[in-house]
Each structure stands twice: as structure tokens, then as C-alpha cells.
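Asks: This is a predicted model, with the sequence first.
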Amino acid sequence: MITAEKIIKSPPLFISFEGGEGCGKTTQIKLLVDVLIKMGADVLQTREPGGSPEGKTLRSMLVEGDANRWDGLSELLLYSTERNEHLRQVVVPALDSGKWVITDRFADSTRVYQSTRGVPVETVQQINDLVVGDRWPQLTLILDIPTELGLERSLAINTHENRLESLGLEFHKKIRQGYLDIARENADRCVVIDASGSIDEVHAAVLSAVETYLTSKAA
């Protein structure tokens, strides 16, 4: 169980939430942030794209409009430009000041989505390594949900940020598998959480994953 003592004793953590469309990241991030704040943590909640001033401009360009507005390489460069500024202007200063940082998406999303859009994984990794360096989140929570259910949820609530949802079921099945591949390759950082249950069930799993991480680092 997460306790205030564990939160206070922990150095500020950088936590990312990842997953396909409709997996419930926004809801689960808010619930986690609320718990952390109640237990005494100073928390910055952010997202990609949109976490930096420049990212707010880029967000509508990347998540709205026709699916073929950009190809995979253009997306890679745009997302990576925003990520560099997000890290430089927002994430690193917040961590340095003692804040926990919780982000809705980070570089894992770029690997999954842009490689599925046709950019070689090696190219995506080279750009991610250049931009992120050693500033990866300590903990990445991947909310996993059956593709059909995720798309159904996403399309039901999203009225204009639906550029990626329009790419079809097979595309999003590849996205789901891409995240599972990342989790397998990065077991020290990534935790896969079943996001098909109720909000409370998923929230409990998120808290358990954070508590397990804190306990392992305190040992």
C-alpha cells in the first residue's frame, strides 16, 4: 500500500502512462495525481504533445485532421522537436525542483506509432536516444486493453482529436502489440496493467505498481 511516508522519502519520480486509444490514461493519471498530492508529493501533470508552450501549438496539428496529413517521418520529427522542448522547459526543471512528473505519453509512443507508420524502429530509436538520452521515466505504466474496446471507448468520447483513431483496426492492433513488445524489452521500467476492468480496478493496479516500485527502491 502506498503511504505518505514512502512518498515523502522517495526522490521525485518521472512516471509515464502509455497505451493505445481509449485505454483510460487521462482518468488514471488524474486519480494517481490526486493520491500523490494527498500524501504530500509536489506533482506536475503534463502530456505529449502539448506539455510545452510549443507543444500546445503542435498538438492540434498532430492529433486533428486527415490521417495522411503527415507521414511517419514528419510525425517523428515533429513529436521529437516537441519532446526536446518539453524536457528542456518543463520536465527536467520540475524534477530538479523536487516535483514528481506524471506524463500522458512519452517517447515510447513515438516508437510505437511512428514505426507502425513506416519509419524503421532503428531510426526512431536513434532519434529517441538523441532527444531523451538518460532522461527516461523511472516507471512506465502501459494500460493494455483489447483493441476493439479501446477504439469504441475513444470514438465515443473524442469529437475532434481523432486523427489516429481513423487509421483502422489493424493499425491499432499493431500499436497494442508494439507496447507489449516495449514492456517485454524494458521489464525494469515498464509495467503492463489490464485496463479492461472498472476504473476502480485499474486505479488499484496503478497504485500497486507504484507501491511495488517504491518498495523495490527502498530495499
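Replies: Nice, thanks for sending it over.
Asks: Report the helix or strand with the lowest average pLDDT across the protein.
Replies: Lowest mean confidence among the helices and strands of the chain (mean pLDDT, DSSP states H and E): helix 53-63, at a mean of 72.
Asks: Tell me the helix or strand right after it.
Replies: Moving toward the C-terminus from helix 53-63, the next helix or strand (DSSP states H and E) is helix 72-86.
Asks: Show residues contacting that next one.
Replies: Identification of contacts with helix 72-86 by Cβ atoms under 8 Å, 6 or more residues apart in numbering yields 46, 48-55, 58, 61-62, 70, 106-107, 109-110, 113-119, 123-124, 127-128, 130-132. Where C-beta positions appear, they are placed from N, C-alpha and C, glycine not excepted.
Asks: which ones are touching I2?
Replies: The neighbours of I2, taking Cβ under 8 Å, 6+ apart as the test, are V35, M39, L207, V210, E211, L214.
Asks: could you redo the last one with a cut-off of 6 Å?
Replies: If a contact means Cβ atoms under 6 Å, 6 or more residues apart in numbering, then I2 has L207, E211 as its contacts.
Asks: part of a strand, is it?
Replies: No. Applying DSSP: H, G, I helix; E, B strand; the rest coil, one finds I2 to be coil, outside a strand.
Asks: roughly how far apart are it and R47?
Replies: 23 Å (Cβ to Cβ, to the nearest Å).
Asks: on that earlier part again, list the buried ones in the least confident helix or strand of the chain?
Replies: E54, G55, L58, R59, L62, V63 (16 or more other Cβ atoms under 10 Å).
Asks: Would you mind confirming that the third one is in contact with E48?
Replies: No. Because the distance of 9.7 Å does not satisfy Cβ atoms under 6 Å, L58 is recorded as not touching E48.
Asks: Check this structure for its longest helix and report it.
Replies: helix 199-218 (DSSP state H).
Asks: I would like the residues contacting it, please.
Replies: Under Cβ under 6 Å, 6+ apart, the answer for helix 199-218 is I2, K6, S10, Q28, L31, L32, L139, L141, V191, I193, A195.
Asks: Tell me where the protein has strands.
Replies: Taking DSSP state E as the criterion, the chain carries its strands at 14-19, 43-47, 100-104, 139-144, 190-194.
Asks: Check those strands for me and report the most buried one.
Replies: Sort these by mean neighbour count, taking mean count of other Cβ atoms under 10 Å, and strand 14-19 sits at the top with a mean of 25.
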